[in-house]
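Undergrad: sequence and computational prediction follow.
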Amino acid sequence: METTIPEAKLTEKAKNVIGSLVAWSHEDFKKTNQQTFQTRLMFCRACDYWKPDAFLGTGKCGICGCSVGKLYIPASKCPHPEPRWLGITYKYTFH
């Protein structure tokens, strides 16, 4: 039996948004391709924590409170303790 995960508090949501935006800036604000976006959205819509009526019907995550906009940020990841999808990193560092 899965335990209920409470939605993030406002301060946690703000921290999530800022962290996502900072990570996105490090990726030169590249967006995921449409296939990645649609795959992430499919997983979100299938999740018990997805709230489809939020944000004027575009939906939001019931754990982190983010909208579908987060799905376009490559480095973002599913906030579930067992993530349904992970972030993508485009930049590589060679030593």
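TA: Thanks, I have the structure now.
Undergrad: helices along the protein, start to end?
TA: Remark: helices assigned in the chain by DSSP state H are 10-26, 34-46, 54-57.
Undergrad: I'd like those helices as a markdown table, with mean pLDDT and mean neighbour count appended.
TA: In this view, the C-beta of every residue, glycine as well, is placed from N, C-alpha and C. Compiled in a markdown table, these are given as follows (pLDDT from 0 to 100; neighbours: other Cβ atoms under 10 Å):
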| stretch | mean pLDDT | mean neighbour count |
| --- | --- | --- |
| helix 10-26 | 87 | 13 |
| helix 34-46 | 96 | 14 |
| helix 54-57 | 92 | 11 |
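Undergrad: not including adjacent chain positions, what is the nearest residue to the residue nearest the centre of the chain?
TA: The chain has Lys70 as the residue nearest its centroid, 4.4 Å off, counting by Cα atoms, centre = their mean. Leaving aside its chain neighbours, Lys70 sits nearest to Ser76 (4.9 Å; criterion: Cβ to Cβ, 6 or more residues apart in numbering).
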